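In: next comes the sequence, and after it the predicted model I'd like to discuss.
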Amino acid sequence: MVDVHRYHEIAESTHRIMNPLTLERLMLVGEICRLNADSRILDLACGKGEMLCQFAAHLGATSVGVDVYPPVIANARARAIELGVVDRVELVEADAAEPLGLGQFDVVSCLGASWIGGGLAGTLQIMTDYAGARAWLLVGEVYWARPPSTELATRYGQEFADLAGTLDIFENAGLDLVEMVLTNSDDWDRYAASQWLNVADWLDANVDHPDAAAVRAERDNSRRRYLTDERGTVGWGVFILRAP
Ligand SMILES: C[S@@+](CC[C@H](N)C(=O)[O-])C[C@H]1O[C@@H](n2cnc3c(N)ncnc32)[C@H](O)[C@@H]1O
């Protein structure tokens with residue numbers, strides 16, 4: 001079996017955004033939160049830092065990005081240099097579930113990594129600890145667009161809910177859902193299917209690599225799962241919350 005981080009490094013080698021959100025929708029999130037040169041953002045599990053670099057380059061925001069996987073932090077640093085925003089994007093290699101003593105922020109985000117707190121409720125708690133008064137919380141999260149089969153729900157392992165159930169989790173955490181930007185089926189197809197091609201290209205270039213068989217097996221399995229029961233049932237969106 002190939003390490004999950006390594007698999008995604010290969011499968012998402014051409015992706016700057018490691019979730020189904022398009023750049024257009026990502027920028028919409030920034031506009032909704034009225035980001036400007038005074039905004040300070042903390043992004044937990046920032047991946048390749050595209051959101052922070054774009055928000056710095058186009059909206060002037062300053063940020064700290066945290067990710068546990070060194071290669072994506074290296075990608076994020078390179079992107080900050082490319083977009084000329086190194087002075088506004090600080091990158092920290094660390095486990096975002098650990099207390100990092102980073103202070104408080106106007107925006108705290110975690111897109112596509114709610115497992116860091118053992119699920120959505122736990123991750124909201126981690127995020128809230130970094131949130132200043134009236135801060136925006138941005139959570140990129142899976143929801144069930146249609147009721148999942150028992151097998152699919154079990155496979156995902158984590159408790160996801162439909163949209164109303166997701167709202168319940170926010171309300172139970174004392175947070176106000178004030179906006180949301182959801183992805184559509186085409187966004188998901190672009191995110192998922194582009195990974196198949198990235199893996200195919202990697203396999204062509206790494207025929208004798210010791211991980212080749214495991215990478216191919218993971219690609220084959222994830223592609224089959226996507227086409228069998230995930231497509232159309234697994235939804236994804238950015239939920240925009242306000243701290244009390
Ligand atoms: C699906 S990607 C999302 C990346 C980024 N938020 C984005 O949307 O482009 C999940 C990210 O979570 C990171 N990650 C996983 N566990 C983590 C942890 N405990 N602390 C920090 N980052 C973590 C992975 O390295 C990966 O970059």
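Out: Sure thing, it's come through.

In: helices along this protein, start to end?
Out: 4-11, 23-32, 50-59, 70-82, 120-129, 150-156, 163-172, 185-205, 212-225 (DSSP state H).

In: the longest one to helix 23-32, inter-axis angle?
Out: So the one you mean is helix 185-205. Helix 185-205 and helix 23-32 meet at an angle of 130 degrees, taking axes from the mean of the first three to the mean of the last three CA atoms, to 10 degrees as the criterion.

In: average pLDDT for helix 185-205, rounded please.
Out: The average pLDDT within helix 185-205 is 98.

In: can you check stretch 58-69 too?
Out: 98.

In: measure that stretch end to end?
Out: 26 Å (CA to CA, to the nearest Å).

In: same for the helix or strand bottoming out on mean pLDDT in the chain, what does it pack against?
Out: Within the chain, no helix or strand scores below helix 150-156, which has a mean of 90 by mean pLDDT, DSSP states H and E. Packing contacts for helix 150-156, counted by 3 or more CB pairs under 8 Å, 6 or more residues apart in numbering; DSSP states H and E, involve no helix or strand. For glycine as for every other residue, the C-beta is placed from the backbone atoms N, C-alpha and C.

In: so how far is it from its chain's centroid?
Out: Taking the mean of its C-alpha atoms, helix 150-156 sits 21 Å from the chain's own mean (CA atoms, centre = their mean, to the nearest Å).

In: dump stretch 36-53 to PDB, restricted to CA.
Out: Below are the C-alpha coordinates for stretch 36-53, written out as PDB (Å, rounded to 0.1, in the frame of the first residue of the first chain):
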ATOM      1  CA  ASN A  36      -8.600  43.100   2.400                       C
ATOM      2  CA  ALA A  37      -5.000  44.200   3.300                       C
ATOM      3  CA  ASP A  38      -6.000  44.200   7.000                       C
ATOM      4  CA  SER A  39      -7.200  40.600   7.000                       C
ATOM      5  CA  ARG A  40      -5.100  38.000   8.800                       C
ATOM      6  CA  ILE A  41      -5.800  34.300   7.900                       C
ATOM      7  CA  LEU A  42      -4.800  31.000   9.500                       C
ATOM      8  CA  ASP A  43      -5.200  28.100   7.100                       C
ATOM      9  CA  LEU A  44      -4.900  24.700   8.800                       C
ATOM     10  CA  ALA A  45      -3.800  21.900   6.400                       C
ATOM     11  CA  CYS A  46      -3.000  24.500   3.800                       C
ATOM     12  CA  GLY A  47      -1.700  22.000   1.200                       C
ATOM     13  CA  LYS A  48       0.100  23.900  -1.600                       C
ATOM     14  CA  GLY A  49      -1.000  27.200  -0.200                       C
ATOM     15  CA  GLU A  50      -2.900  28.300  -3.300                       C
ATOM     16  CA  MET A  51      -5.700  30.000  -1.400                       C
ATOM     17  CA  LEU A  52      -3.400  32.000   0.800                       C
ATOM     18  CA  CYS A  53      -1.200  33.000  -2.100                       C
END
